[in-house]
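Enquirer: coords below, sequence missing:
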Ligand SMILES: C[S@@+](CC[C@H](N)C(=O)[O-])C[C@H]1O[C@@H](n2cnc3c(N)ncnc32)[C@H](O)[C@@H]1O
């Protein structure tokens, strides 16, 4: 039996957007100056339609350089009148390029209200073509519509990293790390800030967070130091945490290591606070069911835990394993341990939706796609990016 997706028109999404009253969007998101963009779009990567005009400018200042942008467009191949989901709007680098590439529609979501504020402003520049929603990608299933392509660019944007929200150990600021720090409205999770995790979680729990999400080899020593310090006064800032980590890690290791000793602790706390891997798993499970035949899911990830989850999920879809059986208890550790970089292309019929929907998926990227040396030189942040694409054939 063919699954019937409900397809509310974009006007409904625009309506949903209007329902997000302004107090849902953080007013701390600053209105920024307009930047001039002179790029002219002359082709659609699909070849089926083209938008031949000078693309409008971004109506806000940006600091985030989109990663693997040409490759995203190549694999998504936007077409006229089709509808795409950008599950991680950020500063809109992907969304805008998709809109400029073909006369299509984009639904853009982000869990960060500052990003949604930007998306709403970009929507004004593309009347009737862009719907912006404050939503998390782990719950895209609740959007109740299907798409001709979905893109996910997992992780943080450069503006989040440069903010005073505690993501970077290089900036001294409150230890928060929540991507959606405003009090959650109905559809978003309420996240626990990192200072609560560091000061109130048991030593065992902290140890497992540092090990599981950061593969931190000195996690026991670091936890001991945190416990010693927090017994005297709570650790409330990024630099207080950095000091504790640096004091705990053996001096010889700290001298020889190429990474700052606090890198893995910060990574693991951020992943835990935002439930990043859980969100990714839910998003993958929903996204592949929300694709129209011919639609593609393109995922860019930045560390091996995420990429291994994407790779395993895509491979299962293309190889007839029920996706529901994929994620077992120690999934994240297994995933990191088995990360390799080769794929074989398969094209097999499976039942992907709890055994009821016959879908055929095809791995489009036979091997993981990495940024070129030129892109890495231009944008060093792209160096760990990995892109994978799957297509729903029918
Ligand atoms: C790397 S940035 C995306 C950058 C974007 N592609 C661009 O070109 O500007 C990742 C974005 O995903 C958002 N994000 C991360 N986890 C999310 C989730 N679970 N649900 C929705 N958005 C999420 C972050 O808030 C951030 O804005």
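Expert: Ah, there it is. Here the structure is a predicted model, which means the values were calculated and not measured.

Enquirer: Poorly predicted segments of the stretch 251-394 of the chain, please.
Expert: 320-357 (pLDDT under 70).

Enquirer: What parts of it come near the ligand?
Expert: Applying Cβ under 6 Å from any ligand atom, one finds that the stretch 251-394 of the chain approaches the ligand through residue 279. For every residue, glycine as well, the C-beta is placed using N, CA and C.

Enquirer: Do you have the helices of the stretch 251-394 of the chain handy? List them.
Expert: With DSSP state H, counting those that start in this stretch as the criterion, the stretch 251-394 of the chain has helices at 251-256, 263-273, 276-289, 304-319, 331-337, 373-378.

Enquirer: so what's residue 85 bridging to?
Expert: Note on residue 85: beta-bridge partners residue 107, residue 150, judged by DSSP bridges.

Enquirer: ok, how many other residues are close to the residue lying closest to residue 66 once chain neighbours are set aside?
Expert: Leaving aside its chain neighbours, residue 66 sits nearest to residue 93 (3.0 Å; criterion: Cβ to Cβ, 6 or more residues apart in numbering). By the measure other Cβ atoms under 10 Å, the count of residues near residue 93 is 20.

Enquirer: right, and the helices of the stretch 251-394 of the chain - which one's nearest residue 160?
Expert: Smallest distance to residue 160 across the helices of the stretch 251-394 of the chain (Cβ to Cβ): 9.9 Å, for helix 263-273.

Enquirer: How far off centre is stretch 387-394?
Expert: Distance of stretch 387-394 from the chain centroid (Cα atoms, centre = their mean, to the nearest Å) equals 18 Å.

Enquirer: show me what contacts the residue nearest to residue 66?
Expert: Residue 93 makes contact with 62, 64, 65, 66, 69, according to Cβ atoms under 8 Å, 6 or more residues apart in numbering.

Enquirer: Residue 364 now?
Expert: Residue 364 makes contact with 75, 296, 389, 390, 391, according to Cβ under 8 Å, 6+ apart.

Enquirer: Distance check, it against the ligand.
Expert: Using Cβ to the nearest ligand atom, to the nearest Å, one obtains 19 Å as the distance from residue 364 to the ligand.

Enquirer: Residue 116 and residue 290: what is the separation?
Expert: From residue 116 across to residue 290, the span is 20 Å (Cβ to Cβ, to the nearest Å).

Enquirer: Compare these two and say which is more crowded by neighbours.
Expert: Ranked by neighbour count (other Cβ under 10 Å), residue 116 and residue 290 place residue 116 first, with 25 against 21.

Enquirer: That one falls within a strand, correct?
Expert: No - using DSSP: H, G, I helix; E, B strand; the rest coil, the assignment for residue 116 is helix, not a strand.

Enquirer: Would you mind measuring from the closest residue to it other than its chain neighbours to residue 361?
Expert: Leaving aside its sequence neighbours, residue 116 sits nearest to residue 134 (Cβ to Cβ, 6+ apart; 4.5 Å). Residue 134 sits 30 Å away from residue 361, going by Cβ to Cβ.
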